[in-house]
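S.K.: what would the 3D arrangement of this be:
(one chain, ligands or ions: 2)
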Amino acid sequence: MFTNAEIGIDLGTANILVYSKSKGIVLNEPSVAAIDLESKQVLAVGTEAKNMIGKTPGRIVAIRPLKDGVIADYDVTTSMLKMIFKKASRKMGVSLRKPTVVVCTPSGSTSVERRAIQDAVRNCGAKIVHLIEEPVAAAIGADLPVDEPVANVIVDIGGGTTEVAIISFGGVVSCNSIRLGGDKLDEDIIQYVRKKYNLLIGERTAEQIKIEIGYAPIDHAEMTMDVRGRNLVTGLPKTVTLHSTEIQEAMRENLMKILDVIRATLETSPPELSGDIVDRGVILTGGGSLINGMQEWLSQEIVVPVHLAPSPLESVAIGTGRSLKFIHKIQKAAR
Ligand SMILES: Nc1ncnc2c1ncn2[C@@H]1O[C@H](COP(=O)(O)OP(=O)(O)OP(=O)(O)O)[C@@H](O)[C@H]1O
Ligand SMILES: [Mg+2]
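M.R.: Residues are numbered from 1 along each chain as shown. Ligands and ions are numbered 1, 2, ... in the order given. Predicted coordinates:
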């Protein structure tokens, strides 16, 4: 059956999600493509490709074509999106022929970067492509009353970007974005383990360490984790035991930068909205908001209530899909 489907896409640095109006989230996979360097063909995308990272023979590389929330490799992004469209249409049980698509872009992206995202989606066969700012989508997906004249503060900590926005009456009142998210924290952990233990660990191991024993800068009961990597001196495999306090230290500097952006945004809030912010607080979305102790730490630092969205990793995708109904209104408000 052919149908002019309407879908929302969260084209994230770390994860791609597709939301269908009728079925909700139909696809949620890592933004990774495995490429054959000789034929330049994309062999696999998503989970299948992520499982190949760091484990493939020389001519096959697993790459992440999006960096810092925007397209770093246009051709690979387009090929990856085409395969994602195919997977999504299989899951939806309909052929995605000339769909209308809403796709999010980081609020700090340039017009050239936005155009690239729009073109890439259009190249995959979309008939109409609407863009929505990521924090607006996150707020809609987190069930915030974005249409009402009250301040909704959203903090979306993704893989490549962190966005902070105050949204009221369907529009962005104030927003800030920084090209720093969970991925940089993984890099911090890799650097730390290399320097302190002469041990080389991969991206996936670093991410596991962050998820299991990574803590925001607050007091906590210490945890440990055994980690394997390659000893840089002997070249042989080696295991070390890492403590949560040392990982916390490794991530501290970048977490403080995220805090600075949140503070800076709150400081620019119009006085009439400040009361709302004190009452209603801040909503966290994005995978980075799941770092242990994040909610507690931020509420201590900014002294307003901090809440976690119902499904932080899905908020943006849900919001892009739901916005299909009133995208024209949002785009007008944004102009
Ligand atoms: N339980 C968890 N604890 C800590 N970090 C997590 C957890 N789950 C996911 N993450 C991290 O969240 C990040 C991915 O979040 P998300 O899917 O929101 O990013 P994205 O939307 O793809 O990126 P962006 O919006 O920056 O383009 C990754 O860095 C991942 O390691
Ligand atoms: Mg995101």
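
S.K.: export the lengthiest helix in the chain as CSV, just CAs?
M.R.: Scanning the chain for the longest helix, with DSSP state H as the assignment, gives helix 244-267. This file holds the C-alpha atoms of helix 244-267, laid out as CSV (Å, rounded to 0.1, in the frame of the first residue of the first chain):
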residue,chain,number,x,y,z
SER,A,244,33.8,6.5,40.1
THR,A,245,35.6,9.5,41.8
GLU,A,246,38.4,9.5,39.2
ILE,A,247,35.9,9.3,36.3
GLN,A,248,34.0,12.1,38.0
GLU,A,249,37.2,14.2,38.1
ALA,A,250,37.9,13.4,34.4
MET,A,251,34.4,14.7,33.4
ARG,A,252,34.2,17.7,35.7
GLU,A,253,35.6,20.4,33.5
ASN,A,254,33.2,19.7,30.6
LEU,A,255,30.2,19.3,33.0
MET,A,256,31.0,22.7,34.4
LYS,A,257,30.8,24.1,30.9
ILE,A,258,27.4,22.7,30.5
LEU,A,259,26.4,24.2,33.8
ASP,A,260,27.7,27.6,32.6
VAL,A,261,25.5,27.5,29.6
ILE,A,262,22.4,26.7,31.7
ARG,A,263,23.3,29.6,34.1
ALA,A,264,23.9,32.0,31.2
THR,A,265,20.5,31.2,29.7
LEU,A,266,18.6,31.6,33.0
GLU,A,267,20.3,34.9,33.5
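
S.K.: please point out which parts of that helix sit buried.
M.R.: Neighbour counts over helix 244-267 (16 or more other CB atoms under 10 Å) mark 244, 246-248, 250-251, 254-255, 258-259, 261-262, 265-266 as buried. Any C-beta I mention is one placed from the backbone N, CA and C, and that applies to glycine too.

S.K.: mind putting those residues in a markdown table, pLDDT and distance to residue 146 included?
M.R.: Formatted as a markdown table, those follow (pLDDT from 0 to 100; distance: CB to CB, whole Å):
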| residue | pLDDT | distance to residue 146 |
| --- | --- | --- |
| 244 | 98 | 37 |
| 246 | 98 | 41 |
| 247 | 98 | 36 |
| 248 | 98 | 34 |
| 250 | 98 | 36 |
| 251 | 98 | 31 |
| 254 | 98 | 29 |
| 255 | 98 | 27 |
| 258 | 98 | 23 |
| 259 | 98 | 24 |
| 261 | 97 | 21 |
| 262 | 97 | 19 |
| 265 | 96 | 16 |
| 266 | 95 | 18 |
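
S.K.: does any bit of the longest helix of the chain sit next to ligand 1?
M.R.: No - using CB under 6 Å from any ligand atom, we find that helix 244-267 stays clear of ligand 1, coming within 10.3 Å at best.

S.K.: quick check, distance from that helix to the centre of its chain.
M.R.: In terms of CA atoms, centre = their mean, to the nearest Å, the centre of helix 244-267 is found 17 Å from the chain centre.
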